[in-house]
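> Dropping the sequence and predicted coords here.
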Amino acid sequence: MATTFLSTANSLLSSSSSSSSSSSLFSQTLKAPILYYPQKANFKKQLLLCKAFSESSPTNSPISTKRSLSICFITSFVFSLGSKGNCSANAAILEADDDEELLEKVKKDRKKRLERQGVINSSNKEKGYLQDVVYKLSRVGQAIDKNDLSTASSVLGASTDTDWVQKANIAFSKLSSSPEEKTEVDNFNSSLASLISSVVRNDIESSKIAFVSSASAFEKWTTLTGLIEQLKGL
């Protein structure tokens, strides 16, 4: 099919140079209705302009045909520039909206940080409770390292109902705001319960594992809240 199409095109081109009837046929072909399926409304305007100019031409000479084709090309070029300009404008609007959303997010995050810092700075009593946790964990860790579980037990107490644990949870409740922080509080309390139980059973290996878990959860919580810089011994 491609070979047939090319041969037909070559015969039309060769006959056009020796026959005026071919020129007339070519001119009439330009005037014939054009089947065109544009994707955008702007290109419909181009087509109407091109067709109107072709029908209003006084003669069917090659000069007028070339002129009409030139105008159609220029019209298409102008409309394409216009559509590109609209795309650029839309992109700029979207980018501006994104910038405003990002700016609002930054402002909200900064406001939250300032509010959190204000709560921490005004919570001297709670920070004292937490400093006591650091002190007790340090003593327990040293005792376990020496396999001295009796000393560890005297520091920890017999259960999680002891005064220092209750006060620590008061501080945790006041200073924890995010789900991640609350998760670390739960991890600390769970590990601490295992630590106390292991020490009471005189299980040195389980005590070491539980101590590491307790200390790790507490350190993660202080990092998340920003208290790690305000508590001594961490």
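Done, it's in.
> residue contacts, Thr160?
Applying C-beta atoms under 8 Å, 6 or more residues apart in numbering, we find Thr160 in contact with Asn189, Leu192, Ala193, Ile196. Where you see a C-beta, it was placed from the backbone N, CA and C, and this is true even at glycine.
> The last one: helix or strand, and which one exactly?
In this structure, Ile196 sits in helix 179-200 according to DSSP states H and E.
> any idea whether Asp161 is helix, strand or coil?
Assigned with DSSP: H, G, I helix; E, B strand; the rest coil, Asp161 falls in the coil class.
> Now do the same contact list for it.
Residues near Asp161 by C-beta under 8 Å, 6+ apart: none.
> Relative to Ser191, how far out is it?
17 Å (C-beta to C-beta, to the nearest Å).
> Please apply the same query to Lys146.
Lys146 sits 21 Å away from Ser191 when distances are taken as C-beta to C-beta.
> ok, those two, which is more surrounded?
Between Lys146 and Ser191, counting by other C-beta atoms under 10 Å, Ser191 is the more crowded of the two (20 against 10).
> Show me which of the contacts of Thr160 are buried.
Asn189, Leu192, Ile196 (16 or more other C-beta atoms under 10 Å).
> how about a markdown table for those residues, with distance to Ser207 and pLDDT added?
A markdown table is the format used below for those (distance: C-beta to C-beta, whole Å; pLDDT from 0 to 100):
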| residue | distance to Ser207 | pLDDT |
| --- | --- | --- |
| Asn189 | 17 | 98 |
| Leu192 | 12 | 98 |
| Ile196 | 9 | 98 |
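> Backbone torsions only: list them for Thr162.
Backbone torsions of Thr162, given as degrees, to the nearest 10, read phi -70, psi 160.
> residues contacting the nearest residue to it once chain neighbours are set aside?
Of all residues not flanking Thr162 in the chain, Leu156 sits nearest, at 7.6 Å (C-beta to C-beta, 6 or more residues apart in numbering). Contact partners of Leu156, counting by C-beta under 8 Å, 6+ apart, are Lys136, Val140, Thr162, Leu195, Ile196, Val199.
> Give me the distance between Ile204 and Asp148.
Distance of Ile204 to Asp148, given as C-beta to C-beta: 10 Å.
> what kind of secondary structure is Asp132 in?
Once three-state DSSP is applied, Asp132 turns out helix.
> how near is it to Asn187?
19 Å.
> Likewise for Val199?
19 Å.
> which of those two has more neighbours?
In terms of neighbours (other C-beta under 10 Å), Val199 is the more surrounded of Val199 and Asn187; the figures are 27 against 17.
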